[in-house]
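> requesting a structural model of the entry that follows:
(chains A and B)
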Amino acid sequence: MKILIVGLGKVGQLLCAYLSAEGHDIVGIDPIEQKVDEVVERNDIFGICGNGANCDVLREAGVEDADVLLAVTSSDELNILSGLIAKRLGVRYTIARVRNPDYYTQLRFLREELGFNMILNPEAEAANEIVRSILFPSAMKVNTFARGRVEIAEVKVTKNNRLAGIQLSDLYQISRSNILICAIKRGEQVYIPNGQFILEQGDHAYLTGSHKELVSFCAYTHLSKKQKKKVMIIGGSKIAYFLAKQLLDQKYSVKIIEQNETRCIELAQRLPQASIIHANGSDESVLEDERVDEMDVVVTLTGIDEENMIVSLLCKNMNAKKAIAKVNNLRFTDMVDHMDIDGVISPKRIAANQILAYVRAKSNKDEDSAVRTLYKLVNEHVEALEFMATDNFRGKKTSLALLPVKKDILVAAILRGRQVIVPKGNDQILSGDRVIVVTQRKTIRDLNDILED
Amino acid sequence: MNRRMIIAMLGKMLCLEGLLLLFPVLIALLYQEREGVVYAGCALGLSLFGWVLNRIPMKHTRMYAREGFLIVALSWITFSVFGALPFWFSGEIPSYVDAFFEIVSGFTTTGSSILTDVEALSHTALFWRSFSHWVGGMGILVLMVAFLRNAKGNTLHILKAEMPGPVVGKLVSKVNVTARILYYLYLFLTCLEVLLLVLGGMPLFDSLLNAFATAGTGGFAIKNASIAYYQSAYLEGVITVFMFLFGINFNLIYFFLLGKFKAALQSQELRWYAGIVLGATVLITFNILDLYSSLWEALRYALFQVVSIITTTGFVTADYGLWPLFSQTILIMLMFIGACAGSTGGGIKVSRILLYLKSARRNIRRQLHPNTVVSMNMDGRPVNNGVMQAAYAYLVFYLIIFAGSLLIVTLDNMDFTSSFSAVATTLNNVGPALHVAGPVGNFSSFSDLSKIVMSFDMLAGRLEIFPLILLFSYSTWKK
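Got it, this is the predicted structure:
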């Protein structure tokens, strides 16, 4: 695929390196010549020096026959403008990084009215990632797809969790959460299960559902030990807000230490249940007063990588159980492995990975089929296909329980606007929905193919 | 430094050369010539040797700038050292140094020859000689990058080291696709020329070889009288047009074929190149008017010779040794200017000359207004300071090598014109010089030492000096 990358900052450079190594045609655009030279020197790509929101520059980059435009400059406005212009000039998919919550709340408008295929907020994604690493047991692997709105988690069924011996139709009674088991790997065999399927010890189950549902599923099935954990967040950044909000929803106790008073007041207004402390989080005596030794998890989210690393080490030294540091500079992340820090979160890398997953999914699919996106799961044994339901779909407005769906095919999720529906028997597929179908067959090319003839 | 990878790469180059040697073998079969056996033997030997080298296990395949330069320099030397063997083994060129000089002259698209009687050579040898022009013109490593899956990592370093000119731009985002586009373009233009020559009544074999020599801007003649042998204004015209085309930056020709005429025609380098050709032709035409019967005839010979020299091809239709000194001096100057960057031609390159002129003008303005800020533009884009510095460094090394070579060549104690023009013609990859090695002479009377020095000059000129200089610099080899 031909991909234009506007903005060759950290995220842009990562994307250039990975995507060009995967054999895509990359054109990188940045106004700073030195950056362009550096990236062209290191990767097999074409570089253009200029403003990515300028039509002439975009035309020179060959926007007319490009498949994807990734706008990842540090400016939200430039990213949006560049995406809009590129879309008008004929690029097929546009992805923009938008970080300002002011714009981010207009996500739906950006997507549906302005035609963006994906809007990415690295801060929110980073918060999700931290929540995952706090809530989920480390043995559980979690991936996201459908632009990060549907999560897929691999869970091993063991004696300790309550899953063994359960028939899938009874799952809701135990978990009280709206999730779906879309594939099961038993030994070398992979099954697409139906309601009668019974889980056995040793199975690997693949769960899909929204982030929130998956979290509560883990709590109810004792996959993670549910207890009132204490979390301390040092640095009241955007990530801190997203993170605290999610943790408070799970009834965790959250303490945020922030130096800036106005920011403290702002956070206190938006997060009434959290305790906000106005102090310097890197001060040892402050940490001691706030009883860092009682904390289950400390997350350092200040704007400075080095400070995050050092404060994390300090907290571990003061007997905090677990420390997670935000480190944006990718050169540091390898170094952190040798330190006594339990986890590293890099918003830039997360953003890059999400874009990569999206581009890979787009380049996997067959050009002439109706498949919008294709994901490969369970070591590529199973495919998750995303279709757009049109008026031609024969089974529209029929309850799923009544639809004559072929064997080994599962409707895993229905995306209706911003809503993620994990389908049950009485749900319907409407025209305009995006439907995610999980299958082992390779012959599904149209949504009608999932129905018996 | 990744020595193993360099050796393995050289192995691949030898295999490639073995493969290329099969073409003259085909010619030998066609003309029932016994020399074919020697060529087939060499092809087999080189391929085997290369295959063995390529078996060396590699620890990693990363390529950095240093490896890129070394691979280019060493590949060209290996290609020449082994490419000379068939001439030597077949006995057609009895001295190895002569054979080496001849093949270096071929691969570097110089076209200087030590042969006193070209027509005595077998078809096979003639083909290999001219074919080496074609292969060397666009570059042996570019060929490699274009058509073989090779080491991972960035092969742009190789392209940069081998393609002439101060700035090397890619056409598309991938190096190997860029290289392939260049080669297809090259092949297409060559075929077109062969077709036009055959239509003009030139025998197919001659057309093919002359087209090879034009495409690479080499200039090996297959007749003792060079192109003058054919005595046809049409053929000279076709060759003139194609010499001019092959002296243009291939990126521009690509834009032209894509229909972006405006972008192509706005290139300052192209305008200057055309302007210099025009100016030199007019000056020489009037200078030699007395020697020829008509204005038309004088123009015909002047134009052909000017294009032949500035593109550094070196074909000859008239013995310009008999022209007035003024015309000869213009031709010598054209040798130094050379063709456009990114073409198959040699010399300092029009774009560098342009950079020097612009920089000189900027310095004059600085003298008058010491605090003035002047930005230097080329084709509407600011010129990077690094590019300018590299261009100056190039000039310094160019002059050092020129002076050093001249000093050694004068040991032969020939006249100054011959020595000076011989070094100029080899360092600029032109071909014919003046006096001894003039349009009707050859390089056979130079000593072996001079021939080796001039072989070095040809390689330095083709690779634009830096790869070769780096080969001899201590810091390249230290661990």
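> residue 302: neighbour count?
I'll assume chain A. By other Cβ atoms under 10 Å in any protein chain shown, 21 other residues sit near residue A:302. Glycine gets a C-beta too; all of them are placed from N, C-alpha and C.
> looking at chain B here, not the other one
Other residues near residue B:302 number 27, with proximity taken as other Cβ under 10 Å.
> how many neighbours does the residue in the stretch 1-150 of chain B that chain A sits nearest to have?
Ranked by Cβ to the nearest Cβ, the top residue of the stretch 1-150 of chain B for proximity to chain A is residue B:65, at 8.4 Å. Close neighbours of residue B:65, defined as other Cβ under 10 Å, add up to 14.
> so what's it up against?
By Cβ atoms under 8 Å, 6 or more residues apart in numbering or on different chains, the contact set of residue B:65 is residue B:157.
> I'd like the distance between it and residue B:158.
Using Cβ to Cβ, to the nearest Å, residue B:65 is found at 10 Å from residue B:158.
> mutual contacts of those two, please.
When contacts are counted by Cβ under 8 Å, 6+ apart, the set common to residue B:65 and residue B:158 is empty.
> what bridges to the closest residue to residue A:450 other than its chain neighbours?
Nearest residue to residue A:450, sequence neighbours excluded (Cβ to Cβ, 6 or more residues apart in numbering or on different chains): residue A:409, at 5.0 Å. Listed beta-bridge partners, residue A:409: residue A:439 (assigned using DSSP bridges).
> for residue A:409, give its distance to residue A:198.
Distance of residue A:409 to residue A:198, computed by Cβ to Cβ: 20 Å.
> which of these two has more residues huddled nearby?
Applying other Cβ under 10 Å to residue A:409 and residue A:198 shows that residue A:409 carries more neighbours, namely 18 against 13.
> now that the more buried one has come up, it's in contact with residue A:436, right?
No - contact criterion Cβ atoms under 8 Å: residue A:409 and residue A:436 do not qualify, at 11.5 Å.
> residues contacting the closest residue to chain A within the stretch 301-450 of chain B?
With Cβ to the nearest Cβ as the measure, residue B:384 is the residue of the stretch 301-450 of chain B nearest to chain A, at 6.9 Å. Contacts for residue B:384 (Cβ under 8 Å, 6+ apart) come out as residue A:33.
> can you report phi and psi for it?
phi -60, psi 140 (degrees, to the nearest 10).
> give me the pLDDT value at it.
pLDDT recorded at residue B:384 is 80.
> so which strand or helix has residue B:453?
Take DSSP states H and E as the rule and residue B:453 turns out to sit in helix B:448-462.
> got the contact list for the residue of the stretch 51-200 of chain A at minimum distance from chain B?
Nearest residue of the stretch 51-200 of chain A to chain B (Cβ to the nearest Cβ) works out as residue A:62 at 8.7 Å. Contact analysis of residue A:62 by Cβ under 8 Å, 6+ apart lists A:2, A:4, A:27.
> mind putting the residues you listed in TSV, distance to chain B included?
Shown next, in TSV, are the contacts of residue A:62 (distance: Cβ to the nearest Cβ, whole Å):
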residue	distance to chain B
A:2	8
A:4	10
A:27	6
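> the closest residue to chain B within the stretch 1-150 of chain A and residue B:421, how far apart?
Residue nearest to chain B within the stretch 1-150 of chain A (Cβ to the nearest Cβ): residue A:46, separated by 3.8 Å. Going from residue A:46 to residue B:421 by Cβ to Cβ gives 42 Å.
> quick one, phi/psi of the closest residue to residue A:301 other than its chain neighbours?
Once flanking residues are discounted, residue A:301 sits nearest to residue A:235: 4.1 Å by Cβ to Cβ, 6+ apart. Main-chain torsions, residue A:235, degrees, to the nearest 10: phi 100, psi 120.
> hmm, back to that, next, find the distance separating the residue of the stretch 301-450 of chain B closest to chain A from residue B:69.
20 Å.
> rewinding a little: who wins for most neighbours among the contacts of residue A:62?
Within those, neighbour counts (other Cβ under 10 Å) peak at residue A:4, which reaches 28 neighbours.
> alright, I will stop here.
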